[in-house]
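Peer 1: Kindly generate the corresponding structure for this input.
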Amino acid sequence: MRKLVLSIVCAMLAMTSVAQVVTLDSCRAMALRNNKEIQQAALNIEKAGYQRDEARAAYLPKVDFQAGYIYNARKVSLVSEDQMLPTKSFNLSTGSYDYNLVTDPTTGYPLQVNGQYVPSTVALLPKSALTYNIHNLMGGALTVTQPIYMGGKITAMNAITHYAEELAQEMHDSKAQDIIYDVDAAYWQVVSLCAKQKLAQSYVKLVESLDNDVKALVNQGLATRANQLNVDVKLNEANVDLTKVDNGVVLARMLLAQLCGLPVNTPMTLADENSDEIGTKLVATHVNMDEVYARRHDVRSLELATEIYDQQVKVARSEMMPQLAAVAALHATNPNSYNGFENRFGASFSIGAMLKVPLWHWGGLSSKVKAAKVDANIKRLELAEAKEKIALQVNQANFKYQEAYKTLEMTKANLAQADENLRIANVAFKEGVGTADDVMTAQTAWLKANSEKIDAEIDVQLCDVYLSKVMGNMNY
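Peer 2: Residues are numbered from 1 along each chain as shown. Below is the predicted model of the structure:
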């Protein structure tokens, strides 16, 4: 028995320690920390930073190394057979070199055979001296390329990556605001259902009390069986509604836990779920649209996109401009092409410049620039349209917030009247001048007034969050 009691106590302590009290800020922080879309947006920011570093590196010289190897099955010979070249001797009388030719002893003139002069001496150039071993051909080059002028493309790409990094940050912040709004909606939904759960429990107790009173009157013969059946039906309906609210609270807590990145069965107690009244106040609603545009992440994203498309025009135009780069290379080959193709490495150094000047592309490059300009103008129109829609959105959110606050004030007045009406009905019933139907009608009106007050309080909270979201001043 002692072990059983001890285990029950330990289980209750464990449940108490696990079901921690969390505030709205805690839920927001957990959602931002655990949300997968936020993590993806953070990685996009990191990726944009790397792309910006890549674009910045285009200003610097590029150093590359290339090497290759080829195996050839045969040697290479520059001649097909041994070559015999005629020679010359210096002639003192003419002061020039004359070919050494065979002379005809009868005539004393150079001898001709088949119309060709016959040299008396020749220089032998054997085929083997002009045959090279290229079975193993190797080569390599270390190249340095420094862009000098690329038509403004490098500068434009650096600007694009800079704007892209800012755009990734704006998209991250915009996604964070969407998540905060979803978390707030789920949080206040739990608070609303918890309040309605307590209201349903109170309503069940009211109907149960009435049911007991009617049963006592039936036993005394002061009420009919039909009166008791009507109250029993109302009690069954109240219990069914309580069951629905209980299930709704469980599902709403699961949704909130999922948005916070926690297991759906994580027990959480919200800091506001036990509050008798949710604090609300009417905030100033003066709107300066220029300030709203400056704070809105989606407007800033469209502005950055417009800047990116403007730079894309410069990138397209750079293909119509001359491009100049300096090149230096250290290259080596084996066989040595610089020294008789001997079987050893021979190296050399070279330096130069490369110039590319587009001359005629049948209008293709200019059409590309025009297409880029059209894209930039489309983004400008999207930005202008977005500002118009945001102005309407802000005004609608402002009116909705004002309406929600006025509705809350009216529900408070209605609740006070419903409380008084229920008190009068209960007094009249106990004094015997009122019926059970009058009490049930007053109870139903009291339940409706309380439910409408809870809905109005939650609606004010959600309207406040939405208004801060559309005005771009949401704090998180």
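
Peer 1: Output the below-cut-off pLDDT ranges for this structure.
Peer 2: 1-19, 276-285, 476 (pLDDT under 70).

Peer 1: Listing partners with orientation, what would you give for the longest strand along the chain?
Peer 2: For the chain, the longest strand by residue count, based on DSSP state E, is strand 136-149. Sheet pairing of strand 136-149 (DSSP bridges) gives strand 62-71 (antiparallel), strand 323-334 (antiparallel).

Peer 1: Give me whichever of those strands is most buried.
Peer 2: strand 323-334 (a mean of 16; mean count of other CB atoms under 10 Å). To be clear about C-beta, it is placed using only N, CA and C from the backbone, and glycine gets the same treatment.

Peer 1: Can you give the contact residues for that strand?
Peer 2: When contacts are defined by CB atoms under 8 Å, 6 or more residues apart in numbering, strand 323-334 is touched by residues 136-151, 343-357.

Peer 1: Which parts of the stretch 251-400 of the chain are helices?
Peer 2: Along the stretch 251-400 of the chain, the stretches classed as helices by DSSP state H, counting those that start in this stretch are 289-295, 297-318, 364-431.

Peer 1: now for those, which one comes closest to Ala186?
Peer 2: helix 364-431 (18.5 Å; CB to CB).

Peer 1: and the closest one, what other elements does it pack with?
Peer 2: Where contact means 3 or more CB pairs under 8 Å, 6 or more residues apart in numbering; DSSP states H and E, helix 364-431 is packed against helix 153-220, helix 289-295, helix 297-318, helix 436-470.

Peer 1: Narrow the contacts of strand 323-334 to those that are buried.
Peer 2: Neighbour-count burial (16 or more other CB atoms under 10 Å) applied to the contacts of strand 323-334 gives Gly139, Gly140, Ala141, Leu142, Thr143, Pro147, Met150, Gly151, Gly346.

Peer 1: Verify the stated contact: the first one with Asn336.
Peer 2: No - in this structure, Gly139 is not within contact of Asn336 by CB atoms under 8 Å, at 10.7 Å.

Peer 1: that older thread, check the buried ones among the contacts of strand 323-334 and tell me the two furthest apart.
Peer 2: Between any two of the buried ones among the contacts of strand 323-334, the greatest separation by CB to CB is 38.1 Å, found for Gly151 and Gly346.

Peer 1: in the sheet, who's paired with the nearest residue to Met354 once chain neighbours are set aside?
Peer 2: Excluding the flanking residues, the one nearest Met354 by CB to CB, 6 or more residues apart in numbering is Ala325, at 5.0 Å. In this entry, Ala325 is beta-bridged to Pro147, Met354, by DSSP bridges.

Peer 1: So Ala325 versus Val144, what's the distance?
Peer 2: Computed as CB to CB, to the nearest Å, the Ala325 to Val144 distance reads 10 Å.

Peer 1: cool, Thr407 as well?
Peer 2: According to CB to CB, Thr407 stands 74 Å off from Val144.

Peer 1: What of Leu304?
Peer 2: Per CB to CB, Leu304 is found 35 Å from Val144.

Peer 1: Please apply the same query to Ser366.
Peer 2: For Ser366, the distance to Val144 - CB to CB - is 34 Å.

Peer 1: next one: Thr107
Peer 2: 69 Å.

Peer 1: now His361
Peer 2: To Val144, His361 is 30 Å away according to CB to CB.

Peer 1: follow-up on the earlier one: got the helices and strands packed on helix 364-431 as TSV, with distance to Lys244 columns?
Peer 2: Below are the helices and strands packed on helix 364-431 laid out as TSV (distance: least, CB to CB, whole Å):
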stretch	distance to Lys244
helix 153-220	8
helix 289-295	41
helix 297-318	38
helix 436-470	13
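
Peer 1: Would you mind saying which of those helices lies nearest Leu383?
Peer 2: Of all the helices and strands packed on helix 364-431, it is helix 297-318 that lies closest to Leu383, at 4.3 Å by CB to CB.

Peer 1: contact partners of the closest one?
Peer 2: Identification of contacts with helix 297-318 by CB under 8 Å, 6+ apart yields 150-153, 155-157, 159-160, 163-164, 166-167, 170-171, 173-174, 177, 293-294, 365, 368-369, 371-373, 375-376, 378-380, 382-383, 386-387, 390, 472.

Peer 1: repeat that for 6 Å
Peer 2: 151-153, 156, 159-160, 163, 166-167, 170, 173-174, 293, 368-369, 372-373, 375-376, 379-380, 382-383, 386 (CB atoms under 6 Å, 6 or more residues apart in numbering).

Peer 1: Please apply the same query to stretch 351-363.
Peer 2: Residues from elsewhere that reach stretch 351-363 (CB under 6 Å, 6+ apart): Met320, Pro322, Gln323, Leu324, Ala325, Ala326, Val327, Ala328.

Peer 1: Same check on stretch 251-269?
Peer 2: Stretch 251-269 has contacts (CB under 6 Å, 6+ apart) with 18-19, 21-22, 27, 30-31, 34, 182-183, 186, 189-190, 193.

Peer 1: Give the helix, strand or coil label for Ser93.
Peer 2: coil (DSSP: H, G, I helix; E, B strand; the rest coil).

Peer 1: quick revisit: next, format the helices of the stretch 251-400 of the chain as TSV and append distance to Asp459.
Peer 2: Output for the helices of the stretch 251-400 of the chain, formatted as TSV (distance: least, CB to CB, whole Å):
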stretch	distance to Asp459
helix 289-295	23
helix 297-318	25
helix 364-431	5
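
Peer 1: Burial-wise, tell me which of the ones you listed comes out on top.
Peer 2: Greatest average neighbour count among these goes to helix 297-318 (a mean of 20), per mean count of other CB under 10 Å.

Peer 1: Using CSV, write down the CA coordinates of that helix.
Peer 2: Extracted in CSV, the C-alpha atoms of helix 297-318 (Å, rounded to 0.1, in the frame of the first residue of the first chain):
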residue,chain,number,x,y,z
HIS,A,297,9.4,43.4,-45.2
ASP,A,298,7.5,42.5,-48.3
VAL,A,299,7.8,46.1,-49.6
ARG,A,300,11.5,46.1,-48.9
SER,A,301,11.7,42.7,-50.6
LEU,A,302,10.1,44.1,-53.8
GLU,A,303,12.4,47.1,-53.7
LEU,A,304,15.4,44.9,-53.5
ALA,A,305,14.0,42.7,-56.3
THR,A,306,13.7,45.9,-58.4
GLU,A,307,17.3,46.8,-57.7
ILE,A,308,18.4,43.3,-58.6
TYR,A,309,16.5,43.5,-62.0
ASP,A,310,18.1,46.9,-62.6
GLN,A,311,21.5,45.3,-62.1
GLN,A,312,20.5,42.5,-64.5
VAL,A,313,20.0,45.1,-67.2
LYS,A,314,23.7,46.1,-66.6
VAL,A,315,24.8,42.5,-66.8
ALA,A,316,23.0,42.1,-70.1
ARG,A,317,24.5,45.3,-71.4
SER,A,318,28.0,44.2,-70.4
